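A.B. asks: give me coordinates for this.
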Amino acid sequence: MTYCIGLKPDAARNELLWNLRLEGSGRARAGCERFRFNGHVVSLLADRDPADASLVRISVESDGNFTLNVARGGAIETFAVREGKQVVTLSRS
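C.D. replies: Sure, this is the predicted structure:
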């Protein structure tokens, strides 16, 4: 499956892979609102942490639980997303 906005759902595993590219792109933010997969509606927004530009914060809002895998800088970080809103911070790449 080819994906062009960086999101690749895996409904069978209830996982969403986000190939996040902020580095080298000149962008400080990236995201998608109301992305639908596996019966969920998810909004994702990644931006640089204002206190430390080497860190990336991801705001997630979802109407259900799933696993979010974020690929960045050759590594993948995994987060258990729960229904509602939450913010996670990616490690330095």
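
A.B. asks: got the phi and psi for the closest residue to N19 other than its chain neighbours?
C.D. replies: Nearest residue to N19, sequence neighbours excluded (C-beta to C-beta, 6 or more residues apart in numbering): G6, at 4.3 Å. Where you see a C-beta, it was placed from the backbone N, CA and C, and this is true even at glycine. The phi and psi torsions at G6 (degrees, to the nearest 10) take the values phi 90, psi 0.

A.B. asks: ok, V42 next?
C.D. replies: phi -130, psi 140.

A.B. asks: what does the pLDDT read for the residue nearest to N19?
C.D. replies: G6 carries a pLDDT score of 88 in this model.

A.B. asks: so what's it up against?
C.D. replies: 18-21, 30 (C-beta atoms under 8 Å, 6 or more residues apart in numbering).

A.B. asks: how far away is the residue of the chain positioned farthest from its centre from T89?
C.D. replies: The centre of the chain is farthest from one residue, A51, which by C-alpha atoms, centre = their mean lies 20.0 Å away. In this view, A51 and T89 are 10 Å apart by C-beta to C-beta, to the nearest Å.

A.B. asks: backbone phi and psi for S59, please?
C.D. replies: phi -90, psi 130.

A.B. asks: so where do the helices sit in this structure?
C.D. replies: With DSSP state H as the criterion, the chain has no helices.

A.B. asks: low-confidence bits of it, can you list those?
C.D. replies: 1-4, 23-27, 92-93 (pLDDT under 70).

A.B. asks: center of it - which residue?
C.D. replies: Most central in the chain (C-alpha atoms, centre = their mean) works out to W18, at 5.0 Å.

A.B. asks: what sits opposite it in the beta ladder?
C.D. replies: Beta-bridge pairing for W18 (DSSP bridges): L7, V70.
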